[in-house]
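Trainee: Kindly generate the corresponding structure for this input.
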Amino acid sequence: ELKEDCALSTHFLVSRCVKPLSQHVELKRPPIKWSERTRKYTCEFCQKAFVVKRDWEGHINSIHLKAKPFRCDACSWSSSHRGELQKHFKKCAFQFSVLDNLGTNFSVEKKCLP
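Mentor: A predicted model of the protein is given here:
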């Protein structure tokens, strides 16, 4: 059974499932159910399993280790996800002022706007 909103989508659809496909080449492969994929990366803390290694690593770092490696250069804000940092950059403005005293003095003023 296909979802009604999928019919309005520009994505390709496989008739046996409701998962939209972003590329036509994906139609050439037989559809694989998410439940059939091998989840070979398992979290040692909560036993949640992942298909993609990067997702597994991100889960451990952000959920269990509380790591926030993505930092704003203009303020002290940080995040565990790259996408959140990209959203923050859209809100954050850099103000540069150059004080040139014979080409030797250079100062950068950075300010993060709310």
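Trainee: for the helix ranked longest in the chain, which positions count as buried?
Mentor: Longest helix in the chain, counting residues (DSSP state H): helix 82-91. Across helix 82-91, burial judged by 16 or more other Cβ atoms under 10 Å covers Leu85, His88. Quick note: C-beta positions are derived from backbone N, CA and C, even for glycine.
Trainee: now swap in stretch 46-64 and tell me
Mentor: Buried, per 16+ other Cβ under 10 Å, within stretch 46-64: Phe50, Trp56, Gly58, His59, Ile60, Ser62.
Trainee: what would those residues look like in a markdown table with secondary structure?
Mentor: Output for those, formatted as a markdown table (DSSP: H, G, I helix; E, B strand; the rest coil):
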| residue | secondary structure |
| --- | --- |
| Phe50 | strand |
| Trp56 | helix |
| Gly58 | helix |
| His59 | helix |
| Ile60 | helix |
| Ser62 | helix |
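Trainee: Can you name every helix or strand that the longest helix of the chain contacts?
Mentor: Applying 3 or more Cβ pairs under 8 Å, 6 or more residues apart in numbering; DSSP states H and E, one finds that helix 82-91 contacts strand 70-71, strand 78-79.
Trainee: Now do it, average pLDDT.
Mentor: Average pLDDT, helix 82-91: 84.
Trainee: mind listing what Lys53 touches?
Mentor: When contacts are counted by Cβ atoms under 8 Å, 6 or more residues apart in numbering, Lys53 touches Tyr41.
Trainee: From Lys40, how far out is it?
Mentor: With distances taken as Cβ to Cβ, to the nearest Å, Lys53 is found 9 Å from Lys40.
Trainee: Kindly indicate which of the buried residues of stretch 46-64 lies nearest Ser79.
Mentor: Among the buried residues of stretch 46-64, Ser62 lies closest to Ser79 (Cβ to Cβ), at 8.6 Å.
Trainee: pLDDT below threshold where in the protein?
Mentor: 1-37, 93-114 (pLDDT under 70).
Trainee: ok, 80 please
Mentor: Along the chain, the parts satisfying pLDDT under 80 run over 1-37, 74, 90-114.
Trainee: quick one, domains of it?
Mentor: If you go by automatic domain parsing, the domain ranges for the chain are 4-32, 38-67, 68-114.
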